[in-house]
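1. have a look at this prediction, sequence included:
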Amino acid sequence: MNSSPEFSASATSSARDVKVRAPELVGRRWMNSGGKDLTLADLRGKVVLLDFWTFCCINCLHVLDELRPLEEKYSKELVIIGVHSPKFEFERTVEAVDQAVERYQVEHLVLDDPDLVTWQAYTARAWPTLAVIDPEGYLVATMSGEGHAAGLTEIIEGLIEEHSAKGTLHSGDGPYVPPPAPETDLFYPGKATRLPSGHLIVADSGHHSLVEYDDDSATIIRRIGTGVRGSHDGDFASASFSEPGGITVLPADLAAEVGYQLIVADTVNHTLRGIDLVNETVTTIAGTGEQHMVGAIDNVRGKPGELGRYDGPARGVKLSSPWDVLFVPSTAEVVVAMAGNHTIWSFDPRDGTIRILSGTMNEGLVDGDGESAWFAQSSGLDLGSEGEVFVADSETSAIRRLDPATGEVSSLVGVGLFDFGFRDGPAAEARLQHPLGVRSLPDGSIAIADTYNGAIRRFDPRTEEVTTLARGLREPSDILVVDSGSGPGDVGAENGDSSGEAELLVVESAAHALTRVKLPKDAQKVDEGALTTKRPSTEIASGPVSLTVSFTVPAGQKLDDRWGDPTFLQVSATPPELIVSGEGGAEGLSRDIVINPEFAEGVLHVTARAAACDGEPGGEIPLHAACHLYQQDWGIPVELVDSAPNDLTLDLRGA
């Protein structure tokens, strides 16, 4: 049974009346603290915001950007702590966490929690989860997902006012200590492409700029952008980017018509930028600069909470973390891997329009036509010999095949959102770990930047086998095919016989380098196992279970009920047979489901959304009110126990 909007937005009085002491913060080590270990007692007198994140998660990266203005505005009263809680095995390693904090320029404390000790203490069930602790050490709010900046502002300002009056707020510098920044030509580069001139263009993501190299990829010709995070259009010296990603080259005739030769996915600005190499200018060609969030009113034909169709003039449509771009000759359009909402879009440079091509905005691995397929943080694109598009779908550790004309998708390698590993062999049994790049090879096979395995893998569509071409790389994120020849950064004997006729140029992101890898005659066959993401299980009873998502509307906002119920709940399971009834999507934030008693365990997949706008409860929403979309995807491991509760409550936003 679905709840009404009024019930969905209510908060129980008992939740507000009971004061809960925040659990202690326990982990492997503290980062950005100048080497000091901290306790909650050390933070007494400050408002503390915990951000449970993992660096593979695009929603977590969105939250990092949402928190930047808060940590600047409330720098004297607020302490933000990122509690790093890993999903993938690679994310458990010390070096990987260090690199992630550096890569994403995290300017607050980080508690490294590889064993999910603090995660469990705060009953977190999803990435990202946020928790607010008052200056006296009491837990006052929890919420999941992104889009909470306005609500957090309200909570923080309320706590500052309350504890200033009580004398329990200590204003002043916090314990954050900035680490030294490395000095390198490239800083966590993301993607690269070859120009018709033979020069190389690299997205220097960490330096918020593009770099043009000469033919041998050794000498810098020029840099595009100031190197400071921003979104300014203009000449190369004054233009700015924010963690730019994929780059694609337009055909000469089309470039002459539209006035730019390159399109860049400006990831954190949620835009596409046109680069005119002749006149040395940068222009925004798609996106408003604001992040598109699922279910938002803008550009939706249909009710909030349904997919609708998102299309129109590209400068008027909000995008969400475009990660890669690819010009497709057969359609004369640019395919966009829209990592931020798990979809594939298509941009037409001639008429300046953009539209969803494939994906429902649900996160997972589901094949099918463009309106039923699911992706999970699609991050790499390349064109196949038959005009198909290969997609590196990072969060499902999968390689997908996309028809750019219809949006239909099928999976080549990969089985699910929580399944990964390092295993070669038949594609159905092979495992990758968060691949970010994909490239067609001259023999018709596909090279894969298997990022978290530090490897270059190959999928052969003729034999449907996966093998390994190179190992020992540091977070490879993209691949180019180049002619044979030597150059700096050649991979050594660990990678097998390197006497092949072609080379790969690998964007070795965590090494801040471009690395040449010679293709071996005989690829390796590796089997280090197939893994599944391990998180603490939630015990529930089999049979009827009441599922509720708690959502409290922030002060100064009301549910946006202009088009009906603005809340939405999608429920599914792995295996699908775990749920006897109650699966699927519908309005409301509560659902009665029936759990199959024949299973001992499984995973419940829950997606919740709620739309609210500035305005007073009971009143009208002002014409130009700011609207907000709150959303979260949960993948909850469950263990069926007869004596366990027959209800499950999740916090979208609880206060």
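-> Ah, there it is.

2. D633 touches M361, doesn't it?
-> No. Counting by C-beta atoms under 8 Å, M361 is not a contact partner of D633; they are 9.8 Å apart. C-beta coordinates here come from the backbone N, C-alpha and C atoms, glycine included.

3. contacts only, for H108.
-> Shown in contact with H108 (C-beta atoms under 8 Å, 6 or more residues apart in numbering): N32, L67, E71, V79, I80, I81, G82, Y176.

4. and the two most separated of those residues?
-> N32 and L67 (13.6 Å; C-beta to C-beta).

5. of those two, which one has the most company?
-> A count of neighbours by other C-beta atoms under 10 Å puts L67 above the other of N32 and L67, at 24 against 18.

6. can I assume the more buried one sits in a helix?
-> Yes. Counting by DSSP: H, G, I helix; E, B strand; the rest coil, L67 is part of a helix.

7. shift numbering so it begins at 11
-> Happy to do that; since the first residue is 11 now, the last one works out to L77.

8. so who does it touch?
-> Residues counted as contacts of L77 (C-beta under 8 Å, 6+ apart) are L59, D61, I90, H118, A159.

9. and the gap between it and D122?
-> Distance of L77 to D122, computed by C-beta to C-beta, to the nearest Å: 18 Å.

10. what sits up against the longest helix along the chain?
-> Ranked by residue count, the top helix of the chain under DSSP state H comes out as helix 159-176. When contacts are defined by C-beta under 8 Å, 6+ apart, helix 159-176 is touched by residues 57, 59, 76-77, 79-80, 84, 87-88, 140, 142, 144-146, 150-151, 153, 179, 564-567, 636, 638, 663, 665.

11. can you pull the buried residues of the helix or strand just after it?
-> Next in sequence after helix 159-176, counting helices and strands by DSSP states H and E, comes strand 202-204. Neighbour-count burial for strand 202-204 flags A202, T203, R204 (criterion: 16 or more other C-beta atoms under 10 Å).

12. quick one: low-confidence ranges for this structure?
-> In the predicted model, the chain carries pLDDT under 70 at residues 11-27, 303-319, 493-511, 665.

13. go again using 50 as the cut-off
-> By pLDDT under 50, the low-scoring segments of the chain are 11-26, 305-319, 494-510.

14. just to revisit the earlier point, now, the contacts of H118 that are in helices?
-> With DSSP H as the criterion, helices contain L77, E81 from among those.

15. can I get the buried residues of strand 202-204 in TSV with distance to L483?
-> Putting the buried residues of strand 202-204 into TSV (distance: C-beta to C-beta, whole Å) gives the following:
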residue	distance to L483
A202	15
T203	19
R204	20
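
16. number of residues surrounding E518?
-> 23.

17. ditto for G374
-> Neighbours of G374 (other C-beta under 10 Å): 22.

18. for the closest residue in space to it that isn't next to it in sequence, give me its contacts.
-> Sequence neighbours aside, W384 is the residue nearest to G374 in space, at 4.2 Å (criterion: C-beta to C-beta, 6 or more residues apart in numbering). The neighbours of W384, taking C-beta under 8 Å, 6+ apart as the test, are H352, G369, T370, N372, E373, G374, L375, V376.

19. at 6 Å instead, please
-> With contact set as C-beta atoms under 6 Å, 6 or more residues apart in numbering, W384 has these partners: N372, G374, V376.

20. let me see the ranges of the strands in the stretch 261-410 of the chain.
-> For the stretch 261-410 of the chain, the strands defined by DSSP state E, counting those that start in this stretch occupy 272-276, 281-286, 291-296, 321-323, 332-338, 343-348, 353-358, 363-368, 388-393, 399-403, 408-412.

21. for the longest helix of the chain, buried residues please.
-> Buried-residue list, helix 159-176, by 16+ other C-beta under 10 Å: A159, A160, G161, L162, T163, E164, I165, I166, L169, I170, H173.

22. try stretch 98-111
-> F98, E99, F100, E101, R102, A106, V107, Q109, A110, V111.

23. quick one: the helices in this structure?
-> Listed in chain order, the helices of the chain (DSSP H) span residues 15-19, 23-27, 68-83, 104-113, 127-131, 159-176, 262-268.

24. what's the closest of the ones you listed to E513?
-> Of the helices of the chain, nearest to E513 by C-beta to C-beta is helix 104-113, at 25.7 Å.

25. so what touches that closest one?
-> For helix 104-113, the external contacting residues (C-beta under 6 Å, 6+ apart) are M41, F65, H94, F100, V120, D122, Y198, A520.

26. quick one: which two of those residues are the most distant?
-> D122 and Y198 (19.2 Å).

27. neighbour count winner among the two?
-> More crowded of D122 and Y198, by other C-beta under 10 Å: Y198, with 25 against 20.

28. for V238, see how far away the more buried one is.
-> Look at Y198 and V238: by C-beta to C-beta, they are 16 Å apart.

29. same check, this time on E587
-> As judged by C-beta to C-beta, E587 and V238 stand 53 Å apart.

30. try T163
-> To V238, T163 is 25 Å away according to C-beta to C-beta.

31. what does H522 give?
-> Note on H522: its distance to V238, by C-beta to C-beta, is 18 Å.

32. how many neighbours does A636 have?
-> Number of residues near A636 (other C-beta under 10 Å) recorded here: 11.

33. next up, the contacts around the closest residue in space to it that isn't next to it in sequence.
-> Nearest non-adjacent residue to A636, counting by C-beta to C-beta, 6+ apart: D624, 5.0 Å away. Shown in contact with D624 (C-beta under 6 Å, 6+ apart): Q567, A635, A636.

34. need the contact list for the residue nearest to K328 when sequence neighbours are not counted.
-> For K328, ignoring the flanking residues on the chain, the nearest one in space by C-beta to C-beta, 6+ apart is H302 at 3.5 Å. Neighbouring residues of H302 by C-beta under 6 Å, 6+ apart: K328, L329, S330.

35. count the neighbours of the first one for me.
-> Just to be clear, that refers to K328. Neighbour count of K328, defined by other C-beta under 10 Å: 18.

36. that one touches T298, doesn't it?
-> Yes. K328 is in contact with T298 according to C-beta atoms under 6 Å; the separation is 5.3 Å.

37. straight-line length of stretch 345-365, end to end?
-> 10 Å (C-alpha to C-alpha, to the nearest Å).

38. buried residues, it. List them.
-> 345-357, 359, 363-365.

39. swap in stretch 145-164?
-> 145-147, 149-164.

40. how far is it from where the chain is centred?
-> Its chain's average C-alpha position is 21 Å from that of stretch 145-164, according to C-alpha atoms, centre = their mean, to the nearest Å.

41. ends of that stretch, what's the gap?
-> With C-alpha to C-alpha as the measure, stretch 145-164 spans 16 Å from end to end.

42. leaving out the residues flanking it, which one is nearest to V401?
-> R410 (4.2 Å).

43. now for that neighbour, how many residues are close by?
-> By other C-beta under 10 Å, neighbour count at R410 equals 25.
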